[in-house]
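Colleague: Predicted model and sequence below, questions to follow.
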Amino acid sequence: MSSSQPKDLRLPTPGCYADPIKAGIDADAVFDGMTEHLFFTLGKLATTASLRDLYMALSYAVRDRLMTRYLASQEAIRAKPQKTVAYLSAEFLIGPQLNNNLLNLGITKEAEEAVRRFGIESLSHILEVEEEPGLGNGGLGRLAACYMESLASLQVPAIGYGIRYEFGIFNQIIRDGWQVEVTDKWLKGGWPWELPQPDESCFVGFGGRTESYIDDKGKYRSRWIPLEHAIGVPHDIPILGYRVNNCDRLRLWRADATESFDFYAFNIGDYYGAVEEKVASETISKVLYPNDGTDEGRRLRLKQQHFFVSCSLQDMLRSLEKRGIEVANFSEHWTVQLNDTHPAIAVAELMRLLIDHYHFEWEKAWEITTSSVAYTNHTLLPEALEKWDLNLFHSLLPRHLEIIYEINKRFLQQVRLRYPGNDLVLRKLSIIDEDGCKAVRMAHLATIGAHHVNGVAALHSDLIKRQLMPEFAQLWPEKFTNITNGVTPRRWVGLANPELSSLLDKEVGKDWITKMELLKKLEAKENDADFLDLFAKTKLSGKRKLAGYIHRQTGVLVDPSSLFDVQVKRIHQYKRQHLNALQIITQYLRIKNGCTKDIAPRTVIFGGKAAPGYFMAKLMIRFINGIAEVVNADPDMDGRLRVIFLPDYNVKLGEQVYSATDLSEQISTAGKEASGTGNMKFAMNGALTIGTLDGANIEIRDRVGPENFFLFGKTESEIMKLRDEGYNPKKYIENCQELSEALRLVEVGHFSNGDNELFLPLLHSLTGNDPFFVMADFTDYLRAQDEVNKAWQNPQDWNRMALLNTARSGFFSSDRSIREYCKSIWKVNPLDVEISCDIS
């Protein structure tokens, strides 16, 4: 041995994860990690580094510290094979990752100290730089993100599968009161949280034809010969649990071409043709939810769904082969959860892979599929229950259609035995919709192929069984269950509301963030005036921060001591932002008429995006901004009423809004909202709810107490009765003078600069058929708002009600939801991940 070689060099072996250099979590280690990445990864000196450089350096340093847990978690499942959750979702609205990972690692203070050494006075300046990942749109994607975080925190092995969209849905700007969509280039500066894995890519086919043949065992078989292919390249994002070693992952697929460049085409002058295949293939993962108003848009959506589902199932099957596990045991090692109907093609694709690639007989393949797949329904709205035109489906996925026909044939044979001679039931239950243009009903496919179907709130699950799928529920009552949605308290209280989190730490102990039932201890403080004052101060702190943001973004000054009345969610007629807007006009008229005695000073805040092709929703945004323009410019409204529309509402902004809200508007038409999760975030942060008996509002009211909830509106059964009897909105308008006056003001162009035609489509909808019963609920909504005004006059009573909302919100943690999934649907157990290092 050379005398120059170190004699006592103790390096980690390949099986070791506790690298002391990369795993250190004190301020010195974090600072050293940032310095290293500035120099070696980013090619920058600390003296010239920008805020974005420092954000990237800190993110890479934190990611280094995740790798210990990330690799150990993968090794643990290889060492002790057990069932893993595969959560398939078209969206994962995960939000900014840096602050979340700092919290879950427990090194926020250390990071704060590290960035100060670079001359940055606050970590918040670094956090503001982070782009919002454009991987989701609304509640569906945010729920998926909460569930992934809870799975890791509960030490449940899981992989979330989706698409790595190059562009998010869009960035929203408001121009002349209208929503304008701008490309969301969220990846333009690079994203430090992803780990590309090109060696684990998958091939996916589209189009072409099928052919029959006899295999070498004399069996009749079919094979699919696709016309085109794309390559799915996986990008892994570590999903760290809270203060545990477990680190699950989100695996997102990027579409690449099988051949990126055609030299022959280029050399003969066909420059577009040289890259045509590349452009066509990569379009698959370009944009979240391409507009389905055209044939090409619908074709691309179906392509996206098959692309990520096929890649994901291939990945699961490949993982079994790598570990030497028989594919026949698939359901013992994977539980596949379909988050709504977007991944429902998984039923046919898993059957195709098992039959065509692994040569299982139909009965065995069906047994594997139906014991592996579960389906969550998220909507009762017909337009959201996906159906694909039969011709489109056949042209894109001919082999899958053959399999669906066979599934349907065998299923309908069962139905005939149960309902002999009942053709109406057959038509209702068939996967193929025979009415009008023939179509494949994806919710039916998912329901038939799944071992469980769950709704996401008690009322929603009941309506699935009573209204949406009554025949399926009668056929398989044991399949249908409820698991009410939940949200992660780590992001939505721990990160969003640090002042409240600190108060909770002191009062009930730091374990509340994973054991939300501990918040019940706060009930003992409901009559403690000193504690209620402390609780109110945390709210005022959040309101001051939001008021500053509003002024910077909109130029409007709002009073933090006013009642912050908030409705932030996707803009849709059934969510009834226009109901809220009409009551603002009524409050405006009352103030103008001198009736100010019982009106609480109020700042009404809206936020949310409308789908680009949804004209009425975009008109509602224009309506709100028209009202805001008039109200905010009127001196009579000073100190009494302000109206704000927050542009480009997203997770990052949501963290500021939830902690600052006094009144949460949950005013959807009863029976239309599946669950909602914003309502839960508001309640956790001590906001009172004004709402209908819809979705999870019912369970929130039951938990927090009816006296701490402002209830209004017709119930789902009353709405159904109104519809059946022939609903006439004009009757309600005639019986409410204030409603008539508000509508008249809109009609004459008071909120549209004298243009009396701008809002006519909205007025015609409300006064004509009023599909979401806005007129029917208006008077009772106004009564509930009057109760809000009265309650606000007594700060101690309001603070007590707000405290009880927080104290009784523990049920709505996503940890509880995930425990229920694990127990009743997935049959999955936690896996303890140990980190050890052998350097002997």
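Modeller: It's in.
Colleague: partners of the lengthiest strand in the chain in the sheet?
Modeller: Of all segments of type strand in the chain, defined using DSSP state E, the longest is strand 228-240. Strand pairing for strand 228-240, using DSSP bridges, gives strand 195-196 (antiparallel), strand 202-206 (antiparallel), strand 247-256 (antiparallel).
Colleague: next one: the last one to chain centre, how far?
Modeller: Distance, stretch centre to chain centre, for strand 247-256: 16 Å (CA atoms, centre = their mean, to the nearest Å).
Colleague: again with the shortest one
Modeller: Offset of strand 195-196 from its chain centre (CA atoms, centre = their mean): 23 Å.
Colleague: and for that strand, what are the contacting residues?
Modeller: For strand 195-196, the external contacting residues (CB atoms under 8 Å, 6 or more residues apart in numbering) are 233-238. C-beta: built from backbone N, CA, C; applies to glycine.
Colleague: phi, psi of the closest residue to residue 787 other than its chain neighbours?
Modeller: When the adjacent residues along the chain are set aside, residue 787 lies closest to residue 710, with 5.7 Å between them (CB to CB, 6 or more residues apart in numbering). Phi and psi for residue 710, reported as degrees, to the nearest 10, are phi -100, psi 100.
Colleague: So what's the residue count around residue 710?
Modeller: Using other CB atoms under 10 Å, residue 710 has 23 neighbouring residues.
Colleague: quick one: it and residue 782 touch, right?
Modeller: No. Residue 710 lies out of contact with residue 782 (CB atoms under 8 Å); the separation is 11.7 Å.
Colleague: on that earlier part again, of the contacts of strand 195-196 - the most surrounded one?
Modeller: residue 237 (25 neighbours).
Colleague: ok, that one - contacts?
Modeller: With CB under 8 Å, 6+ apart as the criterion, the residues that contact residue 237 are 94, 97, 193-195, 249-252.
Colleague: On the strand side of things, show who it bridges to.
Modeller: With DSSP bridges as the criterion, residue 237 is bridged to residue 250.
Colleague: which residues of the stretch 351-500 of the chain fall in helices?
Modeller: All helices of the stretch 351-500 of the chain, identified by DSSP state H, counting those that start in this stretch, fall at 362-370, 390-396, 398-418, 423-429, 442-449, 458-463, 470-475, 489, 498-508.
Colleague: distance between the shortest one and the chain's centre?
Modeller: The chain centroid and the centroid of helix 489 are separated by 15 Å, computed with CA atoms, centre = their mean.
Colleague: Quick one: mean pLDDT for that helix?
Modeller: In this model, helix 489 has an average pLDDT of 98.
Colleague: Going forward, the N-terminal residue is numbered 30.
Modeller: Noted, 30 is the first residue going forward, which turns the last one into helix 518.
Colleague: who's in contact with it?
Modeller: With CB under 8 Å, 6+ apart as the test, helix 518 has contacts from 541-542, 545, 713, 842, 844.
Colleague: doesn't residue 720 make contact with residue 806?
Modeller: No. Under the criterion of CB under 8 Å, residue 806 lies out of contact with residue 720, with a separation of 11.1 Å.
Colleague: Need the overlap of contacts for these two.
Modeller: Common neighbours of residue 806 and residue 720 (criterion: CB under 8 Å, 6+ apart): 696, 741-742.
Colleague: ok, those residues vs residue 787, which is closest?
Modeller: Minimum separation from residue 787 among the shared contacts of residue 806 and residue 720 (CB to CB) is found for residue 696, which lies at 23.8 Å.
Colleague: Contact partners for the residue nearest to residue 418 when sequence neighbours are not counted?
Modeller: Using CB to CB, 6+ apart and skipping residues adjacent in sequence, the residue nearest residue 418 is residue 468, 5.6 Å away. Going by CB under 8 Å, 6+ apart, residue 468 touches 416-419, 422, 461-462.
Colleague: sorry, back to before: specify the stretch among the strands paired with strand 257-269 that is closest to residue 313.
Modeller: With CB to CB as the measure, strand 276-285 is the member of these nearest residue 313 (3.8 Å).
Colleague: Go through the closest one and flag the buried ones.
Modeller: For strand 276-285, burial by neighbour count (16 or more other CB atoms under 10 Å) applies to 276-285.
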